[in-house]
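[1] okay, predicted coordinates and the sequence, questions at the end:
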Amino acid sequence: MTDKTADQTETKAAPLAPPAQPAGPSPDKLIVSSSPHFLNTESVPKIMHTVVMALFPAVAASVYFFGFRALLLVLVCVGSCMLSEYWMQKIRKKPVTVHDGSAIITGMLLALTLPPSFPIFGAFLGSFFAIVVGKQLFGGLGFNIFNPALLGRAFMQATYPVLITTWTTPRTIAEAVDAVSAATPLALMKFEGKTTPIMDLFVGNVAGSMGETSVIAILIGGLYLRYKGYINWKLPLGYLGAIAVVGGVFWLVNPAKYPSPLFHLFAGGAMLGAWFMVTDMVTSPVTPLGQWIFAICGGVMAVVIRLLGGLPEGVMYSILFMNAFVPLLNKHTRPKVFGEIKAEQS
Amino acid sequence: MGHKTFDRGIHPSYYKELTASKRVEAAELPRTVTIPLHQHAGAPCQPLVKKGDVVFEGQKIGDVQAFVSAPIHSSINGKVKDIDLAQHPNGSRVLSVIIEGDGTVKDWSTGAVAEDVSTLTPEFIRDAIREAGIVGMGGAAFPTSVKLAPPKGKAIDTVLLNGCECEPFLTADHRIMIEEPEKVVWGLKALMKAIGAPNGLIGVEENKPDAVEALKKAAGGQTDIKIIVTETKYPQGAEKMLIKAALGRKVPAGKLPLDVGVVVNNVGTAAAVFEAINYKKPLIERVVTVSGNGVKEPKNLRVRIGASFEEVINQCGGLAGDGEMEVLNGGPMMGVAQTTLAVPVLKGTSGITVLTAESIKPLKYDPCIRCSSCVEVCPMGLMPYRLGDYGRTARVAEFKEWGALSCIECGCCSYVCPSKRPLLQWIRVGKLRVREEAAKAKK
């Protein structure tokens, strides 16, 4: 009985017998994969951690102008974002990727768009919403349609409409130390018709969201990212260019009523948005034409909201609005295929 | 800067310095060769010899009537040991002639003639190229004689020689251009004559100034031959990219270079044409760059077709280390990974690249973050991240609709992807699905 079985297996195995292997490395040491066999050294964590680095000047500026509380808010937002990400990935039974740095970026960006006096619990809630609803419910990194940080801020704008527009003056302004609340340059412009000196805007010595006030700090980070190659120059250029041009047209028509283009660029969230949110890889188009349309339309919209809408600031909504068009833009702005034949007329 | 090139592309590390300055050495005479009867694009050959036959170096041992094919020759003197299926570098098993050598070699230079191209007829050149079994030596191995017989009504005005060698590590073409520029130029003249093209161009990347110098010297005052220096960029050596750089012409999607009046050949092919006509020597050996961090002494070797990878690597000091390795037929960007070192060197083997464990790419990949890197580098203007998803999920209609069949499989997309997504692999899967559907529709 056993003999027979052995016989059968032998005859079956014979035609499948592998060819004699020559001496040399055993075949299990020869790795086989599909070409290319060379890859560059970029990785998602490397990109994300570089963006985190690039945000440090803005964080430093916010701490300088608004004190320890600014740092606390940043830490709370980053911490809650990371925790929310961890928690959601555990629930979704997905690999935990908190270490890739993308949740840190969301937390930092979210904190930088908040007023320095914003309540801690509110910051936690916004971070939770940003990660859970803005990112993980869509499927996690790479699948979200809207910029999570901006979605979190939009949520807080609806939840805490008063607190999120209650501003404090920077501690660097001596005569206003006691001021509990102050108006942002954009609000001053819109509701009181006052303009703020450009130099104060550039340095950041004004009331506003903690990380949006200092243009110079944001520029340092943004240009560093550009130098690293992680920012597509079309995006900030298109967005800021459109803001300057549209703002400039209004200004030329009525310089007494409307502020200068430089004011538009330096005030509010324009700089932070242009360098760190419009450029978010996941929520911006991939085609060159799509990127131009996305950035320029966003810029136009920001100025229109600022000057004609009910809100003093339009950066957040302009970007969120354009985020929704990204899949459409990707679909309809595909680049020309090499040697593509134009539809022949017949 | 300012050199001619194409749009997009990448700048990988080239590692050419490992072998660029090393003269081509003759490899040892192999004891046994395994010569596959299918080494080219087109119909496989039928064996012309039987087991036990005595064969001579250069004797034709396989041929077929088909138009798109090239005959196969014995690369050594000896006896046919067997005709059987054997492992082919493309991963399949192919009917091969196994020849045991007798240790003697033929001296091809005796009986060499110095032909004058202007006295040869186009038919003579084409026949000589076909009989010598010459195929494209850059890697694709398309029969050269077929390229020289374009369909009626297609006027060819330019023969373009490809000396770009944009694959990392490989320096075989580079050395041929430096050491045998006269052969390359002569071969170019013969190819021009064979197809009636008035212009001859040689495209070389600017990282090979010595090759440009040598070719210029060899071309002398001939006004119909020009050397085009292109930017060093991958994949500059892709046919369509080189035509765009050298002539500014774009090969329409789905068409061939001959549709824009150009025939492209590798510089090594041109040198082989010279030997085929002047030495009456068929394509039985070729220059192979053996390199990579997994080889102890990287070299440029003149290897007989059919010699095993193993003995070639052993002549380069052997493998460095005994960990996991990747052995490639070709360079790291487009080469094919091997499952055994018993595979033979083919007419299209421009290099053997060995990568050690630390340079083997990871298998794990992250989600696409829409960074647009792949779109920014694709030389064909495609959207690889999208094609990869369509290919992976077998969405054939969308796959074709988004231009996937224009993909030249250069691998730039996979190279730049920060998420390490195997985009090209998925696109290949998609192409396979397209072929399967086409086959089903035929039935």
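    Yep, that arrived. Because the structure is predicted, anything quoted here is derived from the model rather than measured.

[2] state the distance from the residue in the stretch 51-200 of chain A that chain B sits nearest to to B:C378.
    Residue of the stretch 51-200 of chain A nearest chain B, by Cβ to the nearest Cβ: A:G142 (3.6 Å). The C-beta positions use only the backbone N, C-alpha and C, and glycine is treated the same way. A:G142 is 19 Å from B:C378, where distance means Cβ to Cβ, to the nearest Å.

[3] which of the two has more neighbours?
    B:C378 (29 against 18; other Cβ atoms under 10 Å in any protein chain shown).

[4] distance of the more buried one from chain A?
    Distance, B:C378 to chain A, by Cβ to the nearest Cβ, to the nearest Å: 8 Å.

[5] need the contact list for that residue.
    Going by Cβ atoms under 8 Å, 6 or more residues apart in numbering or on different chains, B:C378 touches B:R8, B:P384, B:C412, B:C413.

[6] and the stretch 51-200 of chain A, which of its residues are near chain B?
    A:T97, A:D100, A:G140, A:L141, A:G142, A:F143 (Cβ under 8 Å from any Cβ of the partner chain).

[7] 10 Å instead?
    A:P95, A:T97, A:D100, A:S102, A:G139, A:G140, A:L141, A:G142, A:F143 (Cβ under 10 Å from any Cβ of the partner chain).

[8] among these, which ones are buried?
    Using 16 or more other Cβ atoms under 10 Å in any protein chain shown as the burial test, these include A:T97, A:D100, A:S102, A:G140, A:L141, A:G142 as buried.

[9] sec struct for the fourth one, please.
    Local secondary structure at A:G140 is given as coil here, using DSSP: H, G, I helix; E, B strand; the rest coil.

[10] so who does whichever residue of the stretch 201-346 of chain A sits closest to chain B touch?
    Chain B sits closest to A:V286 of the stretch 201-346 of chain A, with a gap of 3.8 Å, by Cβ to the nearest Cβ. By Cβ atoms under 10 Å, 6 or more residues apart in numbering or on different chains, A:V286 lies in contact with A:232, A:326, A:329-330, A:333-335, B:368, B:370-376, B:383, B:385-386.

[11] is it in a helix, a strand, or coil?
    coil.

[12] contacts only, for the closest residue to it other than its chain neighbours.
    In space, and not counting its chain neighbours, A:V286 is closest to B:S372: 3.8 Å by Cβ to Cβ, 6 or more residues apart in numbering or on different chains. Contacts for B:S372 (Cβ under 10 Å, 6+ apart) come out as A:232, A:281, A:284-288, A:290-291, A:330, B:383, B:385, B:416.

[13] which residues of chain A score low on pLDDT?
    Flagging of chain A using pLDDT under 70 yields the residue ranges A:1-28, A:171-182, A:341-346.

[14] cool, chain B as well?
    In chain B (pLDDT under 70), the answer is B:1-2.

[15] any idea which residue sits dead centre in it?
    B:G139 (1.6 Å; Cα atoms, centre = their mean).

[16] how near is that residue to A:N254?
    Applying Cβ to Cβ to B:G139 and A:N254 gives a distance of 67 Å.

[17] same deal with A:M189?
    13 Å.

[18] same question for A:R226.
    35 Å.

[19] same thing with B:G294?
    B:G294 is 71 Å from A:N254, by Cβ to Cβ.

[20] more neighbours: which of the two?
    B:G294 (26 against 8).

[21] and that one, what is it in contact with?
    B:G294 touches A:25, B:313, B:318-321, B:323-328, B:352-357, B:359-360, counting by Cβ under 10 Å, 6+ apart.

[22] and for B:A438, the neighbour number?
    Around B:A438 there are 10 residues (other Cβ under 10 Å).

[23] same question but for A:S34, I mixed them up
    18.

[24] swap in the one 10 residues further on?
    Burial measure for A:V44: 24 neighbouring residues, criterion other Cβ under 10 Å.

[25] and the closest residue in space to it that isn't next to it in sequence, what helix or strand is that in?
    The spatial neighbour of A:V44 that comes closest, neighbours along the chain excluded (Cβ to Cβ, 6+ apart), is B:D366 at 4.8 Å. Using DSSP states H and E, B:D366 sits in no helix or strand.

[26] so B:D366 touches B:P422, yeah?
    No - counting by Cβ atoms under 10 Å, B:P422 is not a contact partner of B:D366; they are 11.9 Å apart.

[27] compare the two (neighbour count), which wins?
    Neighbour count, other Cβ under 10 Å: between B:D366 and B:P422, B:P422 has more, with 23 against 18.

[28] show the contacting residues for that one.
    Contacts of B:P422 by Cβ under 10 Å, 6+ apart are A:33-36, A:39, B:361, B:363, B:365, B:388, B:392, B:411, B:413-414, B:428-429.

[29] how about A:A302?
    With Cβ under 10 Å, 6+ apart, A:A302 has these contacts: A:239-240, A:242-243, A:246-247, A:264, A:268-270, A:273-274, A:278, A:309, A:313-319, A:321-322.

[30] buried set for the helix or strand hosting it?
    Following DSSP H and E, one finds A:A302 within helix A:288-308. By neighbour count on 16+ other Cβ under 10 Å, the buried set for helix A:288-308 is A:290-303, A:305-307.

[31] same question for stretch A:154-174.
    A:A154, A:F155, A:M156, A:Q157, A:Y160, A:I164, A:T165, A:W167, A:T168, A:T169, A:P170, A:R171.

[32] which one of those residues is nearest B:L242?
    A:A154 (51.1 Å; Cβ to Cβ).

[33] from A:I319, how far off is that closest one?
    For A:A154, the distance to A:I319 equals 10 Å [Cβ to Cβ].

[34] quick check: neighbours shared by the two?
    A:F146, A:N147.

[35] related to what we said a few turns ago, let me see the contact set for the residue nearest to A:V44.
    Contacts of B:D366 (Cβ under 10 Å, 6+ apart): A:43-45, A:95, A:97, A:100, A:141-142, B:417-421.

[36] I'm done for today, thanks for sticking with me.
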